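Trainee: Below are the sequence and a predicted model; questions follow.
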Amino acid sequence: MPELSNRYSQYYQSPLGRMLLISDGGLLTGLYFDRQKYLPCFVPEPQAKTFQVFEAAKRWLDAYFSGEDPGFTPPLGLEGSPFRRAVWDVLLTIPFGKTITYTQIAERIARQMGIKRVSARAVGNAVAHNPISLIIPCHRVVGHKGSLTGYGGGIERKAWLLVMEGVDMQGLFIPGKGTAL
């Protein structure tokens, strides 16, 4: 279990609302929109003290929200099961302006694990618990029929982010009902 007393946070004001950055002082361990689903149980009080990782993350966010691929990844400290980490590693390979389906990720993970099948639902659960929004681009994952489903930051934000990245939105849609809205 990670030491929770050695966590620090700062806020970043994005075009889509305030975001919370969390670090252990050297690695970025969390990046969340306000009121995002699956916020961590322990959130340290924001402090004036800054760390290089916060500055790197803010540079990344500034570049990203200006509509460009930042071209680098701040140092990340991912904590999760081996399966979740494998899914998050796949997410890190999705290019700026592109999407992938939960099923495609499941197929890739199955190949990596040398097994016949991985559940797309299990992948969806791992994607939903991504602790570092945007930098680990879970917003680029869509349903196999084009549904913009399952984004903890909100479906409207997901659509905005994809449009901002220049994703071809033809064939993508916001579902009218469902549990992942």
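Mentor: Now that the structure is in, tell me what you want to look at.

Trainee: Next secondary structure after the lengthiest helix in the chain?
Mentor: Ranked by residue count, the top helix of the chain under DSSP state H comes out as helix 52-65. Once the chain leaves helix 52-65, the next helix or strand it forms, by DSSP states H and E, is helix 82-91.

Trainee: Now the longest helix of the chain: average pLDDT?
Mentor: Averaging pLDDT along helix 52-65 gives 97.

Trainee: Same question for stretch 86-97.
Mentor: Rounded mean pLDDT across stretch 86-97 is 98.

Trainee: domains for the protein, by residue range?
Mentor: 4-65, 82-165 (automatic domain parsing).

Trainee: Export these to CSV and append columns for distance to residue 74 and mean neighbour count.
Mentor: Placement of C-beta: from N, CA and C, glycine included. What follows is the domains of the chain, written out as CSV (distance: least, Cβ to Cβ, whole Å; neighbours: other Cβ atoms under 10 Å):
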stretch, distance to residue 74, mean neighbour count
domain 4-65, 4, 16
domain 82-165, 7, 18
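
Trainee: Lowest average confidence across those, which one?
Mentor: Minimum mean pLDDT among those: domain 4-65, a mean of 88.

Trainee: so how far is that domain from its chain's centroid?
Mentor: 13 Å (Cα atoms, centre = their mean, to the nearest Å).

Trainee: And the residue nearest the centre of this protein?
Mentor: When Cα atoms, centre = their mean is applied to the chain, the residue found nearest the centroid is residue 133 (2.9 Å).

Trainee: so that residue sits right up against residue 158, yeah?
Mentor: No: Residue 133 lies out of contact with residue 158 (Cβ atoms under 8 Å); the separation is 10.3 Å.

Trainee: Which residues are in contact with each of the two?
Mentor: Here residue 133 and residue 158 have residue 139 as joint contacts, going by Cβ atoms under 8 Å, 6 or more residues apart in numbering.

Trainee: Break down this protein into its strands, ranges please.
Mentor: 8-14, 17-23, 28-33, 100-101, 141-142 (DSSP state E).

Trainee: quick one on the thing from earlier: got phi/psi on the residue nearest to the centre of the chain?
Mentor: Taking degrees, to the nearest 10, you get phi -60, psi 150 for the backbone angles of residue 133.

Trainee: what's the distance between the residue lying closest to it once chain neighbours are set aside and residue 104?
Mentor: Distances taken as Cβ to Cβ, 6 or more residues apart in numbering place residue 31 nearest to residue 133, at 5.0 Å, with adjacent residues excluded. Plainly put, residue 31 is 24 Å away from residue 104 if you go by Cβ to Cβ, to the nearest Å.
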